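Participant: the sequence and its predicted three-dimensional model are supplied below.
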Amino acid sequence: MRILTLIGFCTMLAVAPIQLLAAEKTAPRAGTTEPRVFNVLDYGAVGDDKTDNTAAFSACLKAVVQAGGGRMFLPAGVYRGRIIIPAVAPDRWMALEIVGESQPDTIFGTIGAFKFQNNNTIVKCLDASGPAVISAAPSDKCYGRFSCVHAVIKDLETRTYDNPRIGGIDLGYAQQCRIENVFINTGLYNVQTAKPTHGTAGLITPACNNGALTVLRNVVVTGFDTGIVVNEHTDADNINLASNINGLSFPFAHHASRFGRVGSYRCTNSLTVTGRHAFTVEQLDVERAGPGQTDGNNAWQATVNEVNDPGNQGVGHVNYWVVVGGVGATPAFTCNGGKSIQCRRTGSAPAENSPPVKP
């Protein structure tokens, strides 16, 4: 019987190998279901850089929530409007993804002028007030008004305008998030941006809450007062911050945050501490504007402090490397306060918080 069964199976493979392979690729495995993907085009969205898609986005996200979670997919295009993640009650805790078609064109630098492209997936809002381009709505059914959602944002760009009055992504009311391959900007090459005067942030991570969790990978923020507001339980790597007044801002947090590599280019303050917060930065790579690289419009981008902690509330370790544009590496590293933050230049012997080296 075993021999006959084997012969029969081999005969079936010989007769219909293509059909079997096709079935293997298309049929879900036992015990699984097809992923829940909701295309914004099916809900009336148009990526023509003209149509206000806020209502279409909301309709799509409503369907995602009703399904118990899933993926909101935005094909390549420039989508005007706001994405507001609806509140999720505790009894419906879910993961909700907002995903573009491919990795965005992350244009940033320290010299020159570049025109932004309209490739890939761009969510754009030019409103003068209101929520961020992408935000999480608060819930009235959970403590602290937190929404019981794990928000995943991936492979897209958010765009506002020079000196923005609105933020890029605000997930302060989300319980958890993962953000990957995301470019948050103001529609101008960062060297050309005006000094931000409205206190807005490119990214606000979930605030202190019982289930707080933030994972950031390959995130670029340019042209805001604050690049990223870092709340507790944040794990981040390959973060690039260009031409923000404050690159990373650390408010009060119960639990510590960890950063792998952070690039800070032409930020007035690379790291700013506003509350008691413990953190580590394994590599802070700073480029200060060099001689002749600023003018009357962007003189504000001259670096003042690598660590700005006037209240001495930060606790942690920072390994740094500083370069002056057109000149090269320099030992210059300026701390304003930061008595409990141990700072060490890459390649130097470990030491207790060394006094700042000023340029």
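Facilitator: Right, received. Where do you want to start?
Participant: CA atoms for contacts and neighbours, from now on please.
Facilitator: Will do.
Participant: give me the low-pLDDT residue ranges for this protein?
Facilitator: Scanning the chain for pLDDT under 70 picks out 1-35, 350-359.
Participant: let's see that with 50 instead.
Facilitator: Per-residue confidence for the chain (pLDDT under 50) gives these ranges: 1-33, 353, 359.
Participant: run through the helices of it in chain order.
Facilitator: Under the criterion DSSP state H, the chain contains helices at 2-15, 17-26, 54-66.
Participant: list the buried residues for the last one?
Facilitator: Across helix 54-66, burial judged by 16 or more other C-alpha atoms under 10 Å covers 54-61, 64-65.
Participant: can you put those residues in a markdown table and add distance to Ala137?
Facilitator: Output for the buried residues of helix 54-66, formatted as a markdown table (distance: C-alpha to C-alpha, whole Å):
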| residue | distance to Ala137 |
| --- | --- |
| Thr54 | 14 |
| Ala55 | 15 |
| Ala56 | 17 |
| Phe57 | 14 |
| Ser58 | 12 |
| Ala59 | 15 |
| Cys60 | 15 |
| Leu61 | 12 |
| Val64 | 15 |
| Val65 | 13 |
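Participant: for Asn246, which residues are in contact?
Facilitator: 225-227, 267-272 (C-alpha atoms under 8 Å, 6 or more residues apart in numbering).
Participant: and those residues, which are buried?
Facilitator: Applying 16+ other C-alpha under 10 Å to these flags 225-227, 267-272 as buried.
Participant: any idea which of those residues is closest to Phe279?
Facilitator: Nearest to Phe279 among the buried ones among the contacts of Asn246: Leu271, at 10.9 Å, using C-alpha to C-alpha.
Participant: ok, that closest one to Thr186 distance?
Facilitator: Separation of Leu271 from Thr186 (C-alpha to C-alpha, to the nearest Å): 21 Å.
Participant: and if you look at Arg36?
Facilitator: To Thr186, Arg36 is 32 Å away according to C-alpha to C-alpha.
Participant: of those two, which one has the most company?
Facilitator: Per other C-alpha atoms under 10 Å, whichever of Arg36 and Thr186 has more neighbours is Thr186, with 24 against 13.
Participant: thought Gly338 was touching Asp309?
Facilitator: Yes: taking C-alpha atoms under 8 Å as the definition, Gly338 is a contact partner of Asp309 at 4.9 Å.
Participant: mark which of the contacts of Asn246 are part of strands, please.
Facilitator: Within these, residues falling in strands by DSSP state E are 226-227, 269-272.
Participant: what about Asp42, neighbour count?
Facilitator: 11.
Participant: meant to ask about Gly130
Facilitator: 10.
Participant: go ahead and confirm it touches Pro164.
Facilitator: No: in this structure Gly130 lies outside contact range of Pro164 using C-alpha under 8 Å: 11.3 Å.
Participant: OK, contacts around Leu126?
Facilitator: Neighbour list for Leu126: 160-161 [criterion: C-alpha under 8 Å, 6+ apart].
Participant: any idea how far it is from Thr330?
Facilitator: Counting by C-alpha to C-alpha, the gap from Leu126 to Thr330 is 40 Å.
Participant: Asp155 now?
Facilitator: For Asp155 relative to Thr330 (C-alpha to C-alpha), the value is 35 Å.
Participant: again, but for Ile85
Facilitator: In this view, Ile85 and Thr330 are 45 Å apart by C-alpha to C-alpha.
Participant: which one's more surrounded, these two?
Facilitator: Neighbours per residue (other C-alpha under 10 Å) separate Ile85 from Thr330, with Ile85 holding more: 25 against 15.
Participant: can you map out the strands along the stretch 251-359 of the chain?
Facilitator: Taking DSSP state E, counting those that start in this stretch as the criterion, the stretch 251-359 of the chain carries its strands at 257-265, 269-273, 277-288, 305-309, 314-324, 328-330, 335-337, 341-345.
Participant: nearest to Ile107, out of the ones you listed?
Facilitator: Closest to Ile107 of the strands of the stretch 251-359 of the chain, according to C-alpha to C-alpha: strand 257-265, at 12.7 Å.
Participant: in that closest one, what's buried?
Facilitator: For strand 257-265, burial by neighbour count (16+ other C-alpha under 10 Å) applies to 257-259, 261-265.
Participant: okay if I get those residues as CSV plus distance to Phe116?
Facilitator: Formatted as CSV, the buried residues of strand 257-265 follow (distance: C-alpha to C-alpha, whole Å):
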residue, distance to Phe116
Ser257, 32
Arg258, 31
Phe259, 28
Arg261, 25
Val262, 23
Gly263, 20
Ser264, 20
Tyr265, 18
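Participant: closest one of these to Thr334?
Facilitator: Using C-alpha to C-alpha, Ser264 comes nearest to Thr334 of the buried residues of strand 257-265, at 13.8 Å.
Participant: thanks a lot, see you next time.
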